[in-house]
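Asker: Sequence below, structure please.
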Amino acid sequence: MSSAEEALYGNRNAAYDQAAKKVLSQKKILAFILKRMVEEFKDESVQDIMTKYIEGTPLISQVPVHPDETNQEYERIQGNNTEDGSISEGMVRYDILFQALVPKTKEPIMLIINIEAQDRANPGYSILKRATYYASRMVSSQRGRDFYGDDYDKIKKVYTIWICMNAPKDMGNSINRYRMTEERLHGKYRAEQWQYNFLNVVMLYLGNRKTQDNLIEMLRIIFKEKAPALVKKRQLEEEYGIRLTEDETKELSKMCNLSEGVYNSGFDDGVNVGTRNKAKEDLQNLIESTGWSLEKAMQALRIPLEERDHYEKALKKQH
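Answerer: Below is the predicted model of the structure:
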């Protein structure tokens, strides 16, 4: 693979990842994830989780992970005027970050959901250790924002949930949770869980085969099943009661198009092998998913120079 092809492949993956985050950040889908993976919500209905307990608008690729960068952006967690994250940002950022209220106590907890699209469970490092680091950063970043001085009782519980899209066969269709527990070595005293059980890591490994687990199967349909967006929309409605709005359906369609190799549809080495309408649709999806300029999108799709004037005029007419 040439350097140009590697760059194109990287851009395609980044655009797909961003589109996938937008689909995953919809409250309808987040509610299903919370009910299955977060113990505080196991007895609540998906509808109540979505409408009563998820607060604000989930932030997508905006809040930095590393120290001295987190607090200045994190305060926007409950704002409604959030912007889409940029796929070209240099610093490492949480994929999806939001806050939810515990049903019984109304105490806020922090939730991080990351999409890991690696083909291997160990892409040169432990994803589990990375997830634990992310959760630890969300705990330590609360100092000076949610609590001050020695008021550690105000630390909010944190969950980081990782969805590994392409797990090996021996790991696929598995959900593992990691949290701090008490081991009593001597005596009768036991501490209350709220004092130590505030850092949780959940790993979900998607497989290629169907499963009886409702959450894994729903995510498999969304992210791994090779089917048009309208087919997936119907499955979500009929099997899970998830009814997507027109805008949410568009986001799902963009993600599906990108997963089918949108960057290479219509052209191959400068030769038109598809219709102009298809190429125009691909350009529009790419621009909306990435925020790229028309010129950059045409470069990524390798549209020949002699064809670009046509698409520039065609897309301008639409607006």
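Asker: residues of the helix or strand hosting residue 220 that come out buried?
Answerer: Taking DSSP states H and E as the criterion, the element that holds residue 220 is helix 214-223. Buried residues in helix 214-223, counting neighbours by 16 or more other C-beta atoms under 10 Å, are found at 215-223. No exception for glycine: its C-beta is placed from N, CA and C like everyone else's.
Asker: Would you list the phi and psi of residue 166?
Answerer: phi -130, psi 70 (degrees, to the nearest 10).
Asker: I figured it was touching residue 206, is that so?
Answerer: Yes - assessed by C-beta atoms under 8 Å, residue 166 is found in contact with residue 206 at 7.4 Å.
Asker: which one of these two has more residues nearby?
Answerer: residue 206 (21 against 17; other C-beta atoms under 10 Å).
Asker: Contacts only, for the more buried one.
Answerer: By C-beta atoms under 8 Å, 6 or more residues apart in numbering, the contact list for residue 206 reads 163-167, 172-173, 216, 219-220, 223-224.
Asker: mind redoing it with 7 Å?
Answerer: 163-165, 167, 172, 216, 219-220, 223-224 (C-beta atoms under 7 Å, 6 or more residues apart in numbering).
Asker: Redo those as TSV? Include pLDDT.
Answerer: Shown next, in TSV, are those (pLDDT from 0 to 100):
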residue	pLDDT
163	88
164	87
165	82
167	81
172	87
216	93
219	92
220	89
223	87
224	84
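Asker: and the residue of the chain most remote from its centre, how far is that from residue 193?
Answerer: Distance from the C-alpha centroid of the chain, by C-alpha atoms, centre = their mean, peaks at residue 187 (44.7 Å). According to C-beta to C-beta, to the nearest Å, residue 187 and residue 193 sit 18 Å apart.
Asker: again, but for residue 285
Answerer: The value you get for residue 285 to residue 193, if C-beta to C-beta is used, is 47 Å.
Asker: Neighbour count: those two, which is higher?
Answerer: residue 285 (21 against 12).
Asker: pLDDT weak spots in this protein?
Answerer: 1-13, 62-63, 66-92, 115-123, 260-276, 289-290, 302, 318-319 (pLDDT under 70).
Asker: ok so, going back, going by secondary structure, the residue farthest from the centre of the chain is in what exactly?
Answerer: Residue 187 is part of no helix or strand, with elements assigned from DSSP H and E.
Asker: Also residue 161?
Answerer: strand 157-164.
Asker: Can you name the element that comes right after that strand?
Answerer: Next along from strand 157-164, by DSSP H and E: strand 174-179.
Asker: Output the contacting helices and strands for that next one.
Answerer: Secondary-structure packing of strand 174-179 (3 or more C-beta pairs under 7 Å, 6 or more residues apart in numbering; DSSP states H and E): strand 199-205.
Asker: The strand it packs on - which strands sit beside it in the sheet, and in what orientation?
Answerer: Next to strand 199-205 in the sheet, as set by DSSP bridges, lie strand 157-164 (parallel), strand 174-179 (antiparallel).
Asker: if I look at the closest residue to residue 172 other than its chain neighbours, how far off is residue 225?
Answerer: The shortest distance from residue 172 to any residue other than its chain neighbours is 2.4 Å, reached at residue 207 (C-beta to C-beta, 6 or more residues apart in numbering). Separation of residue 207 from residue 225 (C-beta to C-beta) stands at 12 Å.
Asker: more neighbours, those two?
Answerer: residue 207 (19 against 15).
Asker: Alright, calling it a day.
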